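Q: sequence and computational prediction follow.
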Protein chains: 2
Amino acid sequence: MLRADLPTPALVVDLDALDHNIDTMSAVRPGPALRPHVKAFKSTELAGYLADRGDHRSFCCATLKECEGMIGAGLGHDLLLANETLDHQRLAGLAVAAASMGTGITVAVDSAETVEAAARAATRAPVSVLVDVNVGLPRCGCRPDDAAMIASLARTAGLEVRGVMGYEGHVVGNPDRTWRMERVEECMAQLRGAHDEVGGDVTSAGGTGTYDLHTWAAEVQAGSYLLMDTHYGELGLPFRQAVFIDATVISVSTDHYAVADCGLKSYGMDHGEPSMIGRTMFFSSDEHATFVWDDADKPAVGDRVTLIPGHVDPTVACHERMAVCRGDEVVATWAVDLRNW
Amino acid sequence: MLRADLPTPALVVDLDALDHNIDTMSAVRPGPALRPHVKAFKSTELAGYLADRGDHRSFCCATLKECEGMIGAGLGHDLLLANETLDHQRLAGLAVAAASMGTGITVAVDSAETVEAAARAATRAPVSVLVDVNVGLPRCGCRPDDAAMIASLARTAGLEVRGVMGYEGHVVGNPDRTWRMERVEECMAQLRGAHDEVGGDVTSAGGTGTYDLHTWAAEVQAGSYLLMDTHYGELGLPFRQAVFIDATVISVSTDHYAVADCGLKSYGMDHGEPSMIGRTMFFSSDEHATFVWDDADKPAVGDRVTLIPGHVDPTVACHERMAVCRGDEVVATWAVDLRNW
C-alpha cells in the first residue's frame, strides 16, 4: 500500500528516520547504556525492532500494562517499571511471568507503601527495586536524604536493591545545551549522594534531552528520541522527526481556511497545537484540524496534509496502530498494543 | 465491585447524574427534537441506554467508525454522519448495512467532492444528504449562498436532500446566556435562509450550550450534556457532572505536593488541566497528575482522588471502558467501542 492511500487520520512512522534515530543513539549509548522508555511508543513491535537494530535489551515502562506486554512479547530480559505502584497483585503476576521466562522484574520505590507492595509481590516470585530519588522534578521520588532509609526498608523486606534512579525532567526540555549540562551535573550530584548510601549496580537517569550529557549515570531512560515531536525538535538534537499524522482535506472555505480530518482525538494538546507541514494551523476540534491558506497555495478537497505532534507520548496513545513507511510505501503495520492500563 | 476498588486510572460514570442529564434534556427536547451526538461518549452501550431512557432514536456521529458501530449495535434507525467524508467505499458499506436493517444513512455535504463521494456510495444503497452550512464557525460547511448549488448538485446526482445542518460552535461555549441566544438567532437566520433554498424536512443545529435556545431548528445535535466537563460546567446549565477520572496517590512529597496515577494519557488537555476535586492541580505528565496540598489536608500514599476533565470528548476517547456507578457501587462496564476511526 502507498502512504497516500492510508485511511486518515493515520499515524505514520518514517522508517528511515527511525533507523537514523536508533543508530544515532546506540552509537553514543550502546546496549545497556540505554534503557529505552516504552511509554513513548507503546508498541511491542517497535520495541522488538529497536532491540534488534539498536541491541538494547533492557527497557523501562511507565505502566503495569506496558510491562505485561513487553514480557508477553519476549522483551522482558531486564525490565524496569520506572514508576511507583501499589498494585501488588498485578506486580506479583508480572514477577511470576518474568520468572517463568528466566528473567526478573524491577520496580521503582520511593515510600514505605511502595516498598510494601513490592514485598507482597515478592512472596510469589522475585522482585527487585530501584530507589527512585527526587532530583528536582516535582513528581515521584524520595528526598535524597531518605534514599538510604527506603533502601533499608526494602532490604529488610527481603527485596534486592539494585541501585537508584532519578529523572531530571525539569531540565530535559530547555533549549540551552550548556544550561542543561550544568543542571544535569547538579541533579546527578544529588543522585550520586543517594547512591553512595543505597549501593547497587544500577544508576539510571536522564531522557532524550540529556542523553549525551550524563557522565556518571550508567544508563539513560530515553524514549522520545525514537519518534520525536515539535517540542524536542526545538533542542537541536541529532534525531529526526519520525512520526507524523497524515490527514485528508475534507472542506475548503473561500475565506482562506480549510479543514483536515484529524483533531483532538488524534494528537495530544498539552504542548499546544501540532504543526502542519507547509501550512499554518488555526485551531483543532475533536475530529477537525482547521488551517489557513493564502492565494498562492490554496488546497483542494481531497489533498493530503501531514502534521507533526507537539508531544509524542500522548499522541501515539491516541492510535491503535502505526503505519510504518519507507518513503512513500507502507512496509509494515505495528500495533500500539500497550496503551491503556 | 466498589468504585473504590477499581484499578486506576479509571473512567467513572455516575449513573444518577447521567439519568438526571438524560431526563433534563428529554423534557426540553423530547424524542426526535434531539439528535444525540455520539462523538461525546463513543459507546454503543451508553447510546443504547440513552435510546431507552431518553427515547431518542436519531443519532449523529463524527466518524465512519461511529456510524458503523451504531448500525452494528442496532442503533441506526436514523443515523447522520454530521461530518464530511470522501471515503465513498466505507460510506457505501454503511449504506448497505443500513439498508439491510431497513433504515438509511444520511451524510453531511458541503462541496462538489463530498456530493460526489455520497453519489458514488449511493450506487450501492440509498444515501441521503444534509447540506452542511457554515453559520460562523470556521470549520466545515458551505457558505449560505452556496447551499442551493450544493443541494442542486446532490439532487442531480440522484441523492435525496433531507435538509440543512449548521453548527454554531463559536457560540455554544460563551457563559453569557443572553449573548448566546442573540448569536443563535443570527446563526439560524443564515441557516434558515439556506433552508429556504434547499428545502427538505430536516433542520439540524446546536449543541449542549444552546440546546434550549433554538426556536427554529427542529433538532439539536448535543452530546456533551450527557457526561459534561469543566468547560460546559461554567455555563450554568442544568446538567450535572457525570464523568470522572479516579486515580490513586502513589507518591507524597514533604514539599507539599503529591502525585496521582493518571495523566496526559487519561484526559484531554485542549481545555487545560482537569480539576481535581478538593485539590489544586499543579501539572500533568504522561501517567502522573501532580497536585499540591496544605498542612490541613495532607494526602497519604494509597488515597483515592477524583478528577473532572476539561473536555469530555477527547477524554472519553483515551479510555477502553467506563465504569458505571450507582453511588459507591460499580453496576456496569460500558466499552468505549467507537474510538479510533
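A: Nice, thanks for sending it over.
Q: what residues sit buried inside stretch A:331-341?
A: A:334-341 (16 or more other C-beta atoms under 10 Å in any protein chain shown). Every C-beta, even on glycine, is put in place using the N, C-alpha and C of the backbone.
Q: before we move on, what about stretch A:160-174?
A: Buried residues in stretch A:160-174 (16+ other C-beta under 10 Å): A:161-169, A:171-173.
Q: quick one: the strands in the stretch 101-250 of chain A?
A: A:105-109, A:127-132, A:160-166, A:202-205, A:219-220, A:243-253 (DSSP state E, counting those that start in this stretch).
Q: next up, phi/psi of the closest residue to A:Thr280 other than its chain neighbours, please.
A: In space, and not counting its chain neighbours, A:Thr280 is closest to A:Val292: 5.1 Å by C-beta to C-beta, 6 or more residues apart in numbering or on different chains. Torsion angles at A:Val292 (phi, psi; degrees, to the nearest 10) stand at phi -100, psi 160.
Q: residues contacting A:Val292?
A: By C-beta atoms under 8 Å, 6 or more residues apart in numbering or on different chains, the contact list for A:Val292 reads A:256-258, A:279-280, A:282.
Q: could you report the pLDDT at the most centrally placed residue in chain A?
A: In chain A, the residue lying closest to the centroid (C-alpha atoms, centre = their mean) is A:Ala40, at 2.4 Å. What the model reports as pLDDT for A:Ala40 is 98.
Q: burial measure for the nearest residue to A:Val28 once chain neighbours are set aside, as a count.
A: The shortest distance from A:Val28 to any non-neighbouring residue, by C-beta to C-beta, 6+ apart, is to A:Asp212 (5.2 Å). When counting by other C-beta atoms under 10 Å in any protein chain shown, one arrives at 16 neighbours for A:Asp212.
Q: look up how far chain B lies from A:Asp212.
A: A:Asp212 is 23 Å from chain B, where distance means C-beta to the nearest C-beta, to the nearest Å.
Q: now swap in A:Thr208 and tell me
A: 13 Å.
Q: report pLDDT for that residue.
A: 98.
Q: go on, A:Thr315?
A: pLDDT recorded at A:Thr315 is 98.
Q: can you list the domains in chain A?
A: For chain A, the structural domains run A:3-9+A:240-335, A:18-223, going by automatic domain parsing.
Q: chain center to the shortest one: distance?
A: If you compare the mean C-alpha spot of domain A:3-9+A:240-335 with that of the full chain, they lie 21 Å apart, counting by C-alpha atoms, centre = their mean, to the nearest Å.
Q: same question for stretch A:106-114.
A: A distance of 21 Å separates the centroid of the chain from that of stretch A:106-114, by C-alpha atoms, centre = their mean.
Q: isn't A:Ala205 up against A:Val171?
A: No. The pair A:Ala205 and A:Val171 fails to qualify as a contact (C-beta atoms under 8 Å) at a distance of 10.4 Å.
Q: any idea how far B:Cys142 is from the residue lying farthest from the centre of chain A?
A: Centroid-distance maximum for chain A: A:Thr254 at 41.1 Å, with C-alpha atoms, centre = their mean. Using C-beta to C-beta, to the nearest Å, A:Thr254 is found at 10 Å from B:Cys142.
Q: what helix or strand is A:Ala92 located in?
A: With elements taken from DSSP states H and E, the one containing A:Ala92 is helix A:88-100.
Q: for the residue nearest to A:Ser111 when sequence neighbours are not counted, what are its contacts?
A: Excluding its sequence neighbours, the residue lying closest to A:Ser111 (C-beta to C-beta, 6+ apart) is B:Val301, at 5.2 Å. For B:Val301, the contacting residues are A:86, A:111-114, B:249-252, by C-beta under 8 Å, 6+ apart.
Q: what helix or strand does B:Val301 sit in?
A: Per DSSP H and E: B:Val301 is located in neither a helix nor a strand.
Q: name the residues contacting each of A:Thr254 and B:Cys142.
A: Between them, A:Thr254 and B:Cys142 share no contacting residue, judged by C-beta under 8 Å, 6+ apart.
Q: who in the stretch 101-250 of chain A is up against chain B?
A: Within reach of chain B by C-beta under 8 Å from any C-beta of the partner chain, the stretch 101-250 of chain A has these residues: A:110-114, A:134, A:138-141, A:143, A:169, A:248, A:250.
Q: I'd like the distance from the helix ranked longest in chain A to the chain centre, please.
A: For chain A, the longest helix by residue count, based on DSSP state H, is helix A:177-198. Centre-to-centre, helix A:177-198 and its host chain are 22 Å apart (C-alpha atoms, centre = their mean).
Q: and the closest residue to the residue nearest to the centre of chain A other than its chain neighbours, how many neighbours?
A: Of all residues not flanking A:Ala40 in the chain, A:Gly223 sits nearest, at 2.9 Å (C-beta to C-beta, 6+ apart). Using other C-beta under 10 Å, A:Gly223 has 26 neighbouring residues.
Q: same question, the one 10 residues further on
A: A:Gly233 has 15 neighbours, counted by other C-beta under 10 Å.
Q: which residues are in contact with both of A:Ala205 and A:Val171?
A: Here A:Ala205 and A:Val171 share the contacting residues A:Cys187, scored by C-beta under 8 Å, 6+ apart.
Q: output the below-cut-off pLDDT ranges for chain A.
A: Low-confidence segments of chain A (pLDDT under 70): none present.
Q: just the helices in it please.
A: A:15-28, A:44-54, A:64-72, A:88-100, A:112-121, A:147-156, A:177-198, A:224-227, A:230-233, A:312-316.
Q: for B:Tyr267, which of these is the nearest?
A: Judged by C-beta to C-beta, the one of the helices of chain A that comes nearest to B:Tyr267 is helix A:312-316, at 9.6 Å.
Q: helices or strands next to the closest one in the packing?
A: helix A:224-227, strand A:243-253 (3 or more C-beta pairs under 8 Å, 6 or more residues apart in numbering or on different chains; DSSP states H and E).
Q: which strand residues bridge the closest residue to A:Glu160 other than its chain neighbours?
A: Leaving aside its chain neighbours, A:Glu160 sits nearest to A:Ser128 (4.3 Å; criterion: C-beta to C-beta, 6+ apart). Beta bridges link A:Ser128 to A:Thr106, A:Glu160 when assigned by DSSP bridges.
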